[in-house]
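# sequence unknown, structure follows:
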Ligand code: FES
């Protein structure tokens, strides 16, 4: 194990009960003062910074069809599973590690 790897410590924080985020849904939660967008893509949960990379609009005000997140401000589109931009393709969402333990979604916002 290299030295850099030993310094990386995940800090998982409970964010939301999985039962409150059905497949095909997205919602915003506040974790340690940060607005986080949680998305359930076919049973897999993803977590992103709840800000559009274009002009920082709140993404939870947009639409989600189960595959694509659409920002309500200027209709930029993002792949919900990867966070990659679809239109335009030159941008992407900022993602956070997330996992589900005992029915609770946890996110890791990184070291303070
Ligand atoms: S702020 Fe999201 S598309 Fe412009």
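Right, received. Where do you want to start? This one's a predicted model, so the numbers in the text were calculated from it and none came from an experiment.
# just the strands in this structure please.
Here the chain has its strands, by DSSP state E, at 12-17, 26-31, 34-41, 44-49, 63-64, 68-70, 77-79, 85-87, 95-96, 98-101, 104-108.
# can you say which of the ones you listed is nearest to residue 56?
strand 44-49 (9.5 Å; CB to CB). All C-beta spots, glycine's among them, are computed from the backbone N, C-alpha and C.
# what is that closest one packed up against?
Here strand 44-49 touches strand 34-41, strand 95-96, strand 98-101, strand 104-108, going by 3 or more CB pairs under 8 Å, 6 or more residues apart in numbering; DSSP states H and E.
# and this protein, which residues reach the ligand?
In this structure, the chain approaches the ligand at residues 52, 54-55, 57, 71, 73-74, 76, judged by CB under 6 Å from any ligand atom.
# just the buried residues of these.
52, 57, 71, 76 (16 or more other CB atoms under 10 Å).
# would a markdown table of the residues of the chain next to the ligand with distance to residue 16 and pLDDT be doable?
Shown next, in a markdown table, are those (distance: CB to CB, whole Å; pLDDT from 0 to 100):
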| residue | distance to residue 16 | pLDDT |
| --- | --- | --- |
| 52 | 21 | 98 |
| 54 | 26 | 98 |
| 55 | 26 | 98 |
| 57 | 22 | 98 |
| 71 | 21 | 98 |
| 73 | 24 | 98 |
| 74 | 28 | 98 |
| 76 | 25 | 98 |
